[in-house]
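[1] would you be able to build a 3D model of this:
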Amino acid sequence: MTNQSEPTKEQMKILSDFCLEERFRSKVKLVDSGCWEWQGGLATNGYGRFNLGNGKSVPAHRITYSYFQGDIPEGLEPDHLCRNRKCVNPDHLEAVTRSENIMRGLLPETNRLIQLSKTHCPQGHSYDEQNTYVDPQGFRQCKKCNTLTGRQERIKRRVKC
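    Below you'll find the model as predicted:
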């Protein structure tokens, strides 16, 4: 089953038409970073869209991936290694799982900032210098909660016969 936004083989054949290929190339601008920035229409999420001329538009980066690298493997999606959503350079695209794509994206940095803005643990204990442990991966832990959890675990082990 193919993704609705993935170009089909028929659509790729259309792109191989010289006029359509030239129209596609006319919407690409080479920039200093090495990105091929899409100058055509953009979706609301910032990704380039290319109208195939048959009433259908597809993500521009999927077209270049398929054109230069071959079919996108089932269950994978192109990830922008350059983090530039308008980039259609096939050398900047890698087929990865959705979860890998999300983990590589801006989500980890955003999540880190959200976590750092929290001043108290979920139980209401203050994240201050005396009550905060930073584990080897850099995650904050509440010392009071860790102590209480440890006590509860020891009690559970004693109760079991």
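
[2] which stretches of this structure have low pLDDT?
    The chain contains residues with pLDDT under 70 at 1-18, 106-108, 160-161.

[3] domain map for it?
    As given by automatic domain parsing, the domain ranges for the chain are 9-104, 117-159.

[4] most packed of those?
    domain 9-104 (a mean of 16; mean count of other CB atoms under 10 Å). Every residue, glycine included, has its C-beta placed from N, CA and C.

[5] so where do the helices sit in this structure?
    Ranges of helices in the chain, per DSSP state H, are 9-15, 18-25, 60-69, 98-104, 107-117, 143-159.

[6] thinking H92 is in contact with C82, fair?
    Yes - between H92 and C82 there is a contact under CB atoms under 8 Å: 4.4 Å.

[7] what do those two both touch?
    Common contact partners of H92 and C82 (CB atoms under 8 Å, 6 or more residues apart in numbering): 34-35.

[8] gap between the two ends of stretch 125-145?
    For stretch 125-145, the first-to-last residue distance is 8 Å (CA to CA, to the nearest Å).

[9] ok, and what's touching it?
    Stretch 125-145 is touched from outside by 115, 118-121, 123, 146, with contacts defined as CB under 8 Å, 6+ apart.

[10] closest one to A43 among the helices of the chain?
    Closest of the helices of the chain to A43 is helix 60-69, at 9.6 Å (criterion: CB to CB).

[11] now do the phi/psi pair for the residue lying closest to K118 once chain neighbours are set aside.
    Sequence neighbours aside, Y127 is the residue nearest to K118 in space, at 6.6 Å (criterion: CB to CB, 6 or more residues apart in numbering). The phi/psi pair for Y127 (degrees, to the nearest 10) reads phi -90, psi 80.

[12] can you tell me how far Y127 is from Q115?
    Separation of Y127 from Q115 (CB to CB, to the nearest Å): 10 Å.

[13] show me the contact partners of stretch 83-96.
    Stretch 83-96 is contacted from outside by 28, 33-38, 42, 45-48, 60-61, 63-65, 67-69, 72-73, 76-82, 104-106, using CB under 8 Å, 6+ apart.

[14] strands - which of those residues land there?
    28, 36-38, 77-80 (DSSP state E).

[15] any idea which of those is closest to C19?
    Using CB to CB, V28 comes nearest to C19 of the ones in strands among the contacts of stretch 83-96, at 15.7 Å.

[16] could you measure the closest one against P90, distance?
    From V28 to P90 the distance is 11 Å (CB to CB).

[17] next one: G48
    Relative to P90, G48 is positioned 13 Å away (CB to CB).
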